[in-house]
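Asks: no FASTA, just this:
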């Protein structure tokens, strides 16, 4: 019909074929057991690994730097020790999040390739 968009009622989207019952057929890219994944998923995976290798030590170093600065700063001078300690805690949390992302990526990679002995 005029004005209808593909993918709306009665018009299946050409990239997502439907079975005769109208239920979408599974996308082979979504199932890791169905076959090869597109190459862009591997590039994104490698990029995430690279970013966690860079940001985790960076955030950890910044957390230590601000913590040491907070312990050596005087309470009457700017920046205040509390602000520096807050920044240290913030960067420590960011380092933990980067570690969690790295751990999840590592486990996902092991699930795909199998454990190494």
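Replies: Nice, I can see it. For clarity, every value in this text was computed on a predicted model and none was experimentally measured.

Asks: which regions of the protein lie under the pLDDT threshold?
Replies: 1-42, 109-117 (pLDDT under 70).

Asks: how many residues are close by residue 94?
Replies: For residue 94, the tally of surrounding residues (other C-beta atoms under 10 Å) stands at 17. C-betas here are computed from N, CA, C, even on glycine.

Asks: other SSEs contacting the helix or strand hosting it?
Replies: Using DSSP states H and E, residue 94 maps to helix 81-113. Applying 3 or more C-beta pairs under 8 Å, 6 or more residues apart in numbering; DSSP states H and E, we find helix 81-113 packed against helix 39-72.

Asks: in the helix it packs on, which residues are buried?
Replies: Residues of helix 39-72 classed as buried by neighbour count (16 or more other C-beta atoms under 10 Å): 52, 55-56, 59-60, 62-63, 66-67, 70.

Asks: from the residues you listed, which two are the most distant?
Replies: Farthest pair in the buried residues of helix 39-72 (C-beta to C-beta) is 52 and 70. Separation: 26.2 Å.
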